[in-house]
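**Student:** Whatever this is, show me its structure:
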Amino acid sequence: MKANTNGGVVMKTKVTIQEKNLVIKPQGLDKIWALKDKLIIPLAHVKNLKVDGKILEGYKGIRIPGTAIPGYYYAGTFKKEGKKTFYNTHQNATPLVIELKNEDFDRLIIEVDEPESVINEIESQLS
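**Tutor:** Here you go, the predicted structure:
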């Protein structure tokens, strides 16, 4: 977690690997805003990983269910053009994007500490 410019605290998403599964855990109050305390994804269902600062531009989709504070924070399930995305990120973040196959979600867009390091850790387990 880190302090934001307003003196508040920004919670991030914790990503771990346990028994060939990717475990995604929103931290603190983000669990409430995202309406999920944990996602467990088999590593074999990870299709692509990237860091994308521009992915937060534009319309996110319909919240089903989720929390949106436009221009500031997005959490939970959003559906756009037939695709389901799980968000847990602030607008000014450079989030980790995890594209999935054979899962309820098509992708996860999450704010993590050191996204490149998280990608390297996941990729090391994929090979």
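**Student:** make it CA atoms for all contacts and neighbour counts henceforth
**Tutor:** Will do.
**Student:** Give me the contacts around the longest helix seen in the chain.
**Tutor:** Ranked by residue count under DSSP state H, the longest helix found in the chain is helix 115-126. Residues outside helix 115-126 that contact it (C-alpha atoms under 8 Å, 6 or more residues apart in numbering) are 15, 17, 20, 43-44, 49-51, 95-96.
**Student:** Which members of those occur in strands, if any?
**Tutor:** When the contacts of helix 115-126 are checked against strands using DSSP state E, the ones located there are 15, 17, 49-51, 96.
**Student:** Could you export the longest helix of the chain as PDB, keeping only the C-alpha atoms?
**Tutor:** Written as PDB, here are the backbone C-alpha positions of helix 115-126 (Å, rounded to 0.1, in the frame of the first residue of the first chain):
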ATOM      1  CA  PRO A 115       3.700  -5.000 -12.400                       C
ATOM      2  CA  GLU A 116       6.700  -6.000 -14.500                       C
ATOM      3  CA  SER A 117       8.000  -8.100 -11.600                       C
ATOM      4  CA  VAL A 118       4.600  -9.800 -11.200                       C
ATOM      5  CA  ILE A 119       4.600 -10.600 -15.000                       C
ATOM      6  CA  ASN A 120       8.100 -12.100 -14.700                       C
ATOM      7  CA  GLU A 121       7.100 -14.200 -11.700                       C
ATOM      8  CA  ILE A 122       3.900 -15.500 -13.500                       C
ATOM      9  CA  GLU A 123       5.800 -16.200 -16.700                       C
ATOM     10  CA  SER A 124       8.500 -18.100 -14.900                       C
ATOM     11  CA  GLN A 125       5.700 -20.500 -13.700                       C
ATOM     12  CA  LEU A 126       4.100 -20.800 -17.100                       C
END
